[in-house]
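[1] can you look at this prediction? I've put the sequence above it.
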Amino acid sequence: MLVIKNTLVSLDLIERFFVCDLDVCLGQCCIDGDAGAPLLEEERREIDSHMNEILPLLNPQARLTIKEEGSAYTDPDGDLVTQIVEGRDCVYTCYAEGGKCLCALEKAFREGKLPQLKPSSCHLYPVRLKKLGGDMIAVNLHRWKICKCAEIKGRKEGVRAYQFLKEPLIRKFGEEWYNELSLTAEEWLRQNNDR
(Lines give C-alpha, C1' and ligand atoms only; values in the text may rest on other atoms or scores of the structure.)
Protein backbone atom coordinates (compact mmCIF):
# COMPACT_ATOMS: atom_id res chain seq x y z
CA MET A 1 0.00 0.00 0.00
CA LEU A 2 1.10 3.53 -0.75
CA VAL A 3 -0.02 6.59 1.20
CA ILE A 4 -1.30 9.43 -1.00
CA LYS A 5 -2.70 12.24 1.13
CA ASN A 6 -5.57 10.67 3.15
CA THR A 7 -5.68 7.44 1.12
CA LEU A 8 -4.01 4.05 1.26
CA VAL A 9 -3.61 2.95 -2.35
CA SER A 10 -3.31 -0.73 -3.22
CA LEU A 11 -0.22 -1.62 -5.22
CA ASP A 12 -2.54 -3.51 -7.59
CA LEU A 13 -3.80 -0.14 -8.86
CA ILE A 14 -0.24 0.74 -9.89
CA GLU A 15 1.16 -2.63 -10.92
CA ARG A 16 -1.81 -4.18 -12.72
CA PHE A 17 -2.61 -3.44 -16.33
CA PHE A 18 -6.22 -2.59 -17.17
CA VAL A 19 -8.25 -1.24 -20.11
CA CYS A 20 -11.97 -2.05 -20.30
CA ASP A 21 -12.73 -4.26 -23.28
CA LEU A 22 -16.47 -3.81 -23.85
CA ASP A 23 -16.31 -5.76 -27.11
CA VAL A 24 -15.41 -8.87 -25.09
CA CYS A 25 -17.13 -8.45 -21.70
CA LEU A 26 -20.17 -6.56 -23.10
CA GLY A 27 -20.41 -4.45 -19.92
CA GLN A 28 -21.18 -7.39 -17.67
CA CYS A 29 -20.28 -5.36 -14.55
CA CYS A 30 -23.52 -3.36 -15.01
CA ILE A 31 -25.70 -6.46 -14.86
CA ASP A 32 -23.90 -8.99 -12.66
CA GLY A 33 -24.33 -8.93 -8.90
CA ASP A 34 -27.10 -9.14 -6.35
CA ALA A 35 -27.72 -5.41 -5.82
CA GLY A 36 -27.49 -2.09 -7.59
CA ALA A 37 -24.38 0.08 -7.72
CA PRO A 38 -23.33 1.87 -4.51
CA LEU A 39 -24.60 5.43 -4.54
CA LEU A 40 -23.90 8.48 -2.38
CA GLU A 41 -26.94 10.40 -1.17
CA GLU A 42 -25.74 13.54 -2.97
CA GLU A 43 -25.39 11.51 -6.18
CA ARG A 44 -28.97 10.28 -5.83
CA ARG A 45 -30.22 13.83 -5.31
CA GLU A 46 -28.32 15.03 -8.40
CA ILE A 47 -29.64 12.16 -10.53
CA ASP A 48 -33.19 12.75 -9.28
CA SER A 49 -32.92 16.44 -10.15
CA HIS A 50 -32.32 15.42 -13.80
CA MET A 51 -34.86 12.59 -13.88
CA ASN A 52 -37.09 14.25 -16.50
CA GLU A 53 -34.12 14.25 -18.88
CA ILE A 54 -32.98 10.75 -17.88
CA LEU A 55 -36.24 8.82 -18.14
CA PRO A 56 -36.53 9.04 -21.96
CA LEU A 57 -33.07 7.44 -22.22
CA LEU A 58 -34.15 4.33 -20.31
CA ASN A 59 -36.02 1.23 -21.37
CA PRO A 60 -39.73 0.99 -20.44
CA GLN A 61 -39.19 -1.49 -17.59
CA ALA A 62 -36.54 0.73 -16.02
CA ARG A 63 -38.85 3.76 -16.23
CA LEU A 64 -41.63 1.75 -14.56
CA THR A 65 -39.27 0.53 -11.82
CA ILE A 66 -38.19 4.10 -11.03
CA LYS A 67 -41.79 5.32 -11.07
CA GLU A 68 -42.97 2.56 -8.71
CA GLU A 69 -39.92 2.05 -6.49
CA GLY A 70 -37.76 5.16 -6.84
CA SER A 71 -34.31 5.63 -8.31
CA ALA A 72 -32.45 3.93 -5.44
CA TYR A 73 -32.98 1.70 -2.43
CA THR A 74 -31.15 0.56 0.69
CA ASP A 75 -29.71 -2.94 0.25
CA PRO A 76 -29.53 -5.61 3.01
CA ASP A 77 -26.11 -4.28 4.06
CA GLY A 78 -27.61 -0.84 4.69
CA ASP A 79 -25.98 0.75 1.64
CA LEU A 80 -27.78 3.08 -0.76
CA VAL A 81 -27.68 1.53 -4.25
CA THR A 82 -29.18 2.15 -7.68
CA GLN A 83 -32.47 0.45 -8.39
CA ILE A 84 -32.32 -2.74 -10.45
CA VAL A 85 -34.74 -4.15 -13.01
CA GLU A 86 -36.06 -7.68 -12.51
CA GLY A 87 -33.21 -8.55 -10.12
CA ARG A 88 -30.55 -8.00 -12.77
CA ASP A 89 -29.85 -4.79 -14.73
CA CYS A 90 -29.10 -1.43 -13.14
CA VAL A 91 -31.99 0.88 -14.09
CA TYR A 92 -29.51 3.09 -15.96
CA THR A 93 -28.45 0.26 -18.26
CA CYS A 94 -29.02 0.61 -21.98
CA TYR A 95 -27.95 -1.72 -24.76
CA ALA A 96 -26.05 -1.13 -27.98
CA GLU A 97 -25.54 -3.36 -31.01
CA GLY A 98 -24.46 -6.89 -30.24
CA GLY A 99 -25.90 -6.82 -26.73
CA LYS A 100 -23.22 -4.46 -25.41
CA CYS A 101 -24.37 -3.00 -22.08
CA LEU A 102 -23.80 0.73 -21.60
CA CYS A 103 -24.61 3.24 -18.88
CA ALA A 104 -27.32 5.63 -20.09
CA LEU A 105 -25.96 8.31 -17.73
CA GLU A 106 -22.43 8.00 -19.13
CA LYS A 107 -23.68 7.89 -22.73
CA ALA A 108 -25.75 11.07 -22.23
CA PHE A 109 -22.75 12.80 -20.62
CA ARG A 110 -20.45 11.84 -23.53
CA GLU A 111 -23.07 13.18 -25.97
CA GLY A 112 -23.27 16.49 -24.07
CA LYS A 113 -26.89 15.94 -22.99
CA LEU A 114 -26.30 15.74 -19.21
CA PRO A 115 -23.63 16.63 -16.65
CA GLN A 116 -21.55 13.71 -15.33
CA LEU A 117 -24.14 11.86 -13.23
CA LYS A 118 -22.67 8.36 -13.35
CA PRO A 119 -22.27 7.19 -9.73
CA SER A 120 -18.66 7.48 -8.64
CA SER A 121 -18.64 3.78 -7.64
CA CYS A 122 -19.37 2.89 -11.29
CA HIS A 123 -17.07 5.50 -12.78
CA LEU A 124 -14.20 4.28 -10.60
CA TYR A 125 -14.78 0.59 -11.20
CA PRO A 126 -12.78 -1.68 -10.79
CA VAL A 127 -11.59 0.53 -7.94
CA ARG A 128 -13.47 0.03 -4.69
CA LEU A 129 -13.17 2.49 -1.81
CA LYS A 130 -13.37 1.59 1.87
CA LYS A 131 -13.46 4.06 4.73
CA LEU A 132 -10.86 3.38 7.39
CA GLY A 133 -10.38 5.04 10.77
CA GLY A 134 -10.48 8.84 10.83
CA ASP A 135 -10.58 10.35 7.38
CA MET A 136 -8.45 7.63 5.73
CA ILE A 137 -9.80 5.81 2.67
CA ALA A 138 -8.49 2.55 1.21
CA VAL A 139 -8.31 2.57 -2.60
CA ASN A 140 -8.39 -1.07 -3.77
CA LEU A 141 -8.53 -2.75 -7.16
CA HIS A 142 -11.34 -5.31 -7.35
CA ARG A 143 -10.47 -8.30 -9.52
CA TRP A 144 -12.93 -10.81 -10.93
CA LYS A 145 -13.18 -13.11 -13.92
CA ILE A 146 -15.28 -10.85 -16.16
CA CYS A 147 -12.50 -8.25 -16.14
CA LYS A 148 -9.77 -10.69 -17.22
CA CYS A 149 -10.13 -9.38 -20.79
CA ALA A 150 -9.46 -5.85 -19.47
CA GLU A 151 -6.23 -7.01 -17.86
CA ILE A 152 -5.16 -8.66 -21.13
CA LYS A 153 -6.00 -5.55 -23.17
CA GLY A 154 -4.26 -3.29 -20.64
CA ARG A 155 -1.09 -5.38 -20.77
CA LYS A 156 -1.19 -5.40 -24.59
CA GLU A 157 -1.57 -1.59 -24.66
CA GLY A 158 0.85 -0.98 -21.76
CA VAL A 159 -1.76 0.88 -19.69
CA ARG A 160 -1.80 0.51 -15.90
CA ALA A 161 -5.07 0.59 -13.97
CA TYR A 162 -4.33 3.99 -12.40
CA GLN A 163 -3.66 5.43 -15.87
CA PHE A 164 -6.86 4.01 -17.35
CA LEU A 165 -8.84 5.40 -14.39
CA LYS A 166 -7.32 8.90 -14.50
CA GLU A 167 -10.63 10.70 -15.20
CA PRO A 168 -12.69 9.09 -12.42
CA LEU A 169 -9.80 9.26 -9.93
CA ILE A 170 -9.46 13.00 -10.58
CA ARG A 171 -13.24 13.37 -10.29
CA LYS A 172 -13.15 11.66 -6.88
CA PHE A 173 -9.89 12.88 -5.34
CA GLY A 174 -8.78 15.89 -7.40
CA GLU A 175 -5.98 16.60 -9.84
CA GLU A 176 -3.36 17.29 -7.17
CA TRP A 177 -4.03 13.87 -5.61
CA TYR A 178 -3.83 12.16 -9.01
CA ASN A 179 -0.57 13.90 -9.92
CA GLU A 180 0.97 12.73 -6.64
CA LEU A 181 -0.31 9.20 -7.30
CA SER A 182 1.14 9.26 -10.82
CA LEU A 183 4.59 10.45 -9.68
CA THR A 184 4.62 7.92 -6.84
CA ALA A 185 3.54 5.14 -9.21
CA GLU A 186 6.26 5.97 -11.73
CA GLU A 187 8.91 5.96 -9.01
CA TRP A 188 7.56 2.71 -7.50
CA LEU A 189 7.60 0.97 -10.88
CA ARG A 190 11.09 2.28 -11.66
CA GLN A 191 12.47 1.07 -8.33
CA ASN A 192 10.76 -2.27 -8.66
CA ASN A 193 11.96 -2.99 -12.21
CA ASP A 194 8.77 -1.83 -13.95
CA ARG A 195 6.73 -4.88 -12.97
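    Nice, thanks for sending it over.

[2] got a list of what the residue lying closest to D89 once chain neighbours are set aside touches?
    Closest residue to D89 apart from its sequence neighbours, by Cβ to Cβ, 6 or more residues apart in numbering: I31 at 5.0 Å. Any C-beta I mention is one placed from the backbone N, CA and C, and that applies to glycine too. Under the criterion of Cβ atoms under 8 Å, 6 or more residues apart in numbering, the neighbours of I31 are 88-90, 93, 101.

[3] S182 now?
    162-163.

[4] that one belongs to a helix?
    Yes - assignment of S182 by DSSP: H, G, I helix; E, B strand; the rest coil places it within a helix.

[5] give me every residue that touches L22.
    L22 touches 100, 102, counting by Cβ under 8 Å, 6+ apart.

[6] how close does it sit to E187?
    Look at L22 and E187: by Cβ to Cβ, to the nearest Å, they are 32 Å apart.

[7] so which strand or helix has the most centrally placed residue in the chain?
    Closest residue to the average C-alpha location of the chain: C122 at 2.4 Å, with Cα atoms, centre = their mean. For C122, the element it lies in under DSSP states H and E is helix 120-124.

[8] and if you look at N140?
    Using DSSP H and E, N140 falls within strand 137-141.
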